[in-house]
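Participant: My questions are about this predicted structure, shown below with the sequence.
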Amino acid sequence: MPTAAQLLARLSAQAEQIADAIEKRQAALRSSVSTAERDLFIRLVDDVFAELEFRNGIIVNNTQNLLLLYRLDNAFDAWQTEVINPLMRGFVADLFSIAEMTGAYYTEFAAEKVINDIAASNELLRASLGVDTRGNLIKGGLLADISQLPSVRQEAKMLFLQEVQKTDATLKDLQKTMKDFLRGKSGQPGAVNANFAGRASGYVYDLFNQVAEVKNIQFAENLDLKWFIYSGDIIKDSREFCIKKAGKVFATIEAETEWPKDPDLIGKGSGIPYVPLVQRGKWNCRHRIRYISEEIAMRLDADKVKAVKEKYSDFFNN
């Protein structure tokens, strides 16, 4: 029989496999988005900027040039249909592949058919993301709304207007302004990548982590697992919230009750609802929740299990 330390190492290693898979898919998405940003810039140059009227090399501030905003909107619409929609479908496929990987955690807790049935049941995830059974985005759903990128479109229009309304802007000036915005500069991400990484989109890149944990909860509930290990390494930029929890045993009721009040939890004033078992240390947290049986929890930390069961006796006695 493995020691508690050996058992903890094995369970944590399984969680790290998913963390590594998520990081690879996040990197692939960033690369795809960067390509999409370049595509959008080229479309604006070809379909909008090429129609501008100039006088002595200077963009003319006239009605004809200002009305080119409609062509900018048309370019955005075509780009979303031809580039962003396929990109988002690939993103959905990657999200569900991460969700499917969580099934490997639980092969020791139930028969293979039971695990496979839970893994294949994705109604909750599809409803949460706004995705149909074929992976298409549902109008008004979370991912469909994100894919519209309204703030990116609006900022691009404002920058275009600002350059046209100047008295000395050249085509080169306009192209540089829009290129810096859409594709990024000085090591900063482009507009879409920045949007996907920030609060405006609800932290799109963190959806990989959240989808994994939603599926994780589905397994835990179906298998009646009320304990977990907070898995993941401590690195130089680990948050204090995670440092003090890493490698330790917790009960689900304990996390749901106590973690929202943890003084080291970041972003309490963000206005974004906090679901401990999904968001863990909040956005971009790479620590994982690894659900385990009470028997395994006792082997890892019997004193902690006894104390928590006494503290939350109503929960465990129901």
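Facilitator: Cool, the structure landed. Residues are numbered from 1 along each chain as shown.
Participant: Was I right to think Leu159 contacts Thr177?
Facilitator: Yes - counting by C-beta atoms under 8 Å, Leu159 does reach Thr177; the two are 5.5 Å apart. All C-beta spots, glycine's among them, are computed from the backbone N, C-alpha and C.
Participant: where in the stretch 1-150 of the chain is pLDDT low?
Facilitator: 1-2, 4, 7 (pLDDT under 70).
Participant: give me every residue that touches Val278.
Facilitator: 210, 213-214, 217 (C-beta atoms under 8 Å, 6 or more residues apart in numbering).
Participant: In the stretch 1-150 of the chain, what residue spans correspond to helices?
Facilitator: 4-47, 63-66, 69-79, 85-101, 112-120, 123-129, 142-147, 150-165 (DSSP state H, counting those that start in this stretch).
Participant: And for the second one, what's in contact with it?
Facilitator: I take that to be helix 63-66. In contact with helix 63-66 (C-beta under 8 Å, 6+ apart) are residues 52-53, 59, 161, 164.
Participant: Out of those residues, which is nearest to Ala93?
Facilitator: Of all the contacts of helix 63-66, the one with the least separation from Ala93 (C-beta to C-beta) is Leu161, at 37.8 Å.
Participant: Contact partners for the closest one?
Facilitator: By C-beta under 8 Å, 6+ apart, the contact list for Leu161 reads 66, 69.
Participant: between the contacts of helix 63-66, which is closest to Ala21?
Facilitator: Looking across these and measuring by C-beta to C-beta, the closest to Ala21 is Leu161, at 43.3 Å.
Participant: now that closest one: how far from Ser151?
Facilitator: With distances taken as C-beta to C-beta, to the nearest Å, Leu161 is found 16 Å from Ser151.
Participant: if we can go back for a sec, closest one to Gly281 among the helices of the stretch 1-150 of the chain?
Facilitator: helix 4-47 (12.7 Å).
Participant: Give the other helices and strands that that closest one contacts.
Facilitator: helix 69-79, helix 85-101, helix 171-183, helix 191-197, helix 207-223, strand 227-231, strand 288-292, helix 294-311 (3 or more C-beta pairs under 8 Å, 6 or more residues apart in numbering; DSSP states H and E).
Participant: where does it sit relative to the chain's centre, distance-wise?
Facilitator: 10 Å (C-alpha atoms, centre = their mean, to the nearest Å).
Participant: Equivalent analysis for stretch 130-145, please.
Facilitator: 16 Å.
Participant: how about it: buried residues?
Facilitator: 130-131, 135-137, 141-144 (16 or more other C-beta atoms under 10 Å).
Participant: what does that stretch contact?
Facilitator: 85, 88-89, 91-93, 96, 125-126, 128-129, 147, 202.
Participant: Would you mind writing the CA trace of it as PDB?
Facilitator: Written as PDB, here are the backbone C-alpha positions of stretch 130-145 (Å, rounded to 0.1, in the frame of the first residue of the first chain):
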ATOM      1  CA  GLY A 130     -24.500  28.500 -25.100                       C
ATOM      2  CA  VAL A 131     -23.500  25.700 -27.500                       C
ATOM      3  CA  ASP A 132     -25.700  23.300 -29.400                       C
ATOM      4  CA  THR A 133     -25.000  19.600 -29.800                       C
ATOM      5  CA  ARG A 134     -23.000  20.200 -33.000                       C
ATOM      6  CA  GLY A 135     -20.700  22.700 -31.400                       C
ATOM      7  CA  ASN A 136     -22.300  25.800 -32.900                       C
ATOM      8  CA  LEU A 137     -22.800  29.000 -30.900                       C
ATOM      9  CA  ILE A 138     -26.400  29.800 -29.800                       C
ATOM     10  CA  LYS A 139     -27.400  33.400 -30.400                       C
ATOM     11  CA  GLY A 140     -27.600  35.200 -27.000                       C
ATOM     12  CA  GLY A 141     -25.400  32.600 -25.300                       C
ATOM     13  CA  LEU A 142     -22.200  33.300 -23.400                       C
ATOM     14  CA  LEU A 143     -19.800  32.400 -26.200                       C
ATOM     15  CA  ALA A 144     -21.900  34.000 -29.000                       C
ATOM     16  CA  ASP A 145     -22.000  37.300 -27.000                       C
END
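Participant: going forward can the numbers begin at 2, since that is how I track them
Facilitator: Right, with 2 as the first residue, what we last looked at is stretch 131-146.
Participant: List the contacts of Pro190.
Facilitator: 31, 198.
Participant: cutoff 10 Å now
Facilitator: Contact analysis of Pro190 by C-beta atoms under 10 Å, 6 or more residues apart in numbering lists 31, 34-35, 38, 184, 196-199.
Participant: Just the buried positions in stretch 214-234, please.
Facilitator: Buried, per 16+ other C-beta under 10 Å, within stretch 214-234: 214-221, 223-224, 226-233.
Participant: Stretch 58-66 too?
Facilitator: For stretch 58-66, using 16+ other C-beta under 10 Å, the buried residues are 60, 62, 66.
Participant: Please apply the same query to stretch 160-178.
Facilitator: Quick answer for stretch 160-178 (16+ other C-beta under 10 Å): 160-162, 164-165, 170, 172, 175, 178.
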